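Q: Sequence first, predicted coordinates after that:
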Amino acid sequence: GLFLSKKREIYPVPKELKMTGKCVMLSLVKDFPGRGWHLEMLKLLIADTVEEFRQSLADQVRGTYRIRICQEGHQTLESILSFKPDLLVLDMMLPGLDGVSILETIHHSGLHPTVLAVSKWFNDYTILNAVRYGVGYMMTKPCDIKAVTARLKDLAEQMDPAEIAAPDLRTVVSNILLEL
C-alpha cells in the first residue's frame, strides 16, 4: 500500500501493516521491531450527561478506539487536556462547563480533536460556535448508537494520517536504511 502525506507526496507503507477494520494511525517508535512502524488505535473521549448513552457507545466501539468517558464539563476539559483525544463525542449541554466553552478553551490551547457534537437541541449560538470551532458533525439527541458509531467511523476516515501521527519520513527512511 501507499501512504499519502499531507503534502501529497506518496511513500511506501511497510507490508507488515495490515488494516484490521479498526481506526488506526501510523506511529514511529524507535525501538519497535519491524522497521519502527506499528499501529495504534485512535483515542476517543465520550463526554455526555446520559449514563446509558455513554456506556452503550463505549460498549459499541470498545476494541476499535482507546476510550475515556466523562459526564461533567470540567472533568471533560481536564480529560481533553491530558488524554489529547483524536475524536471527541461532546454533549453541548454538559453541566459545569458547556460544550461551547469547552470548544473555545481547547481551540485556544492548540488542541484540535475531531468533534461529533450531540445535543437535545441546537440553537443559532451553538451552531455558529460549532462551525467556528470546526465541529465535524452534529446530531440531535436521543441518538441511535449505531448511527453515532457510523458517524465516528466517517470522521475517523476523513482524518489525515499525517496530521495524527506526523512521523518525520526522513527519520523513518534513515531508520530503515540503518537496519539493512
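A: Thanks, I have it. Numbering: from 1, shown residues only.

Q: Tell me which strands the helix or strand containing residue 115 pairs with, and in which orientation.
A: Secondary structure from DSSP states H and E places residue 115 in strand 114-119. Counting by DSSP bridges, the strands paired with strand 114-119 are strand 87-91 (parallel), strand 137-140 (parallel).

Q: Poorly predicted segments of this protein, please.
A: Counting by pLDDT under 70, the chain has low-confidence residues at 1-40, 160-180.

Q: Please enumerate the strands of it.
A: 2-4, 10-12, 24-28, 37-41, 43-47, 66-70, 87-91, 114-119, 137-140 (DSSP state E).

Q: what angle sits between the fifth one and strand 87-91?
A: What separates the directions of strand 43-47 and strand 87-91 is an angle of 0 degrees, with axes from the mean of the first three to the mean of the last three Cα atoms, to 10 degrees.

Q: Show me what strand 43-47 pairs with in its sheet, parallel or antiparallel.
A: When DSSP bridges is applied, strand 43-47 pairs with strand 66-70 (parallel), strand 87-91 (parallel).

Q: of those strands, which approaches residue 115 most closely?
A: In terms of Cβ to Cβ, the element of the strands paired with strand 43-47 nearest to residue 115 is strand 87-91, at 4.8 Å. No exception for glycine: its C-beta is placed from N, CA and C like everyone else's.

Q: List of residues touching the closest one?
A: Contact with strand 87-91 is made by 42-50, 57, 65, 76, 80, 99, 102-103, 113-119, 135, 141, 148, 152, 155-156, as judged by Cβ atoms under 8 Å, 6 or more residues apart in numbering.
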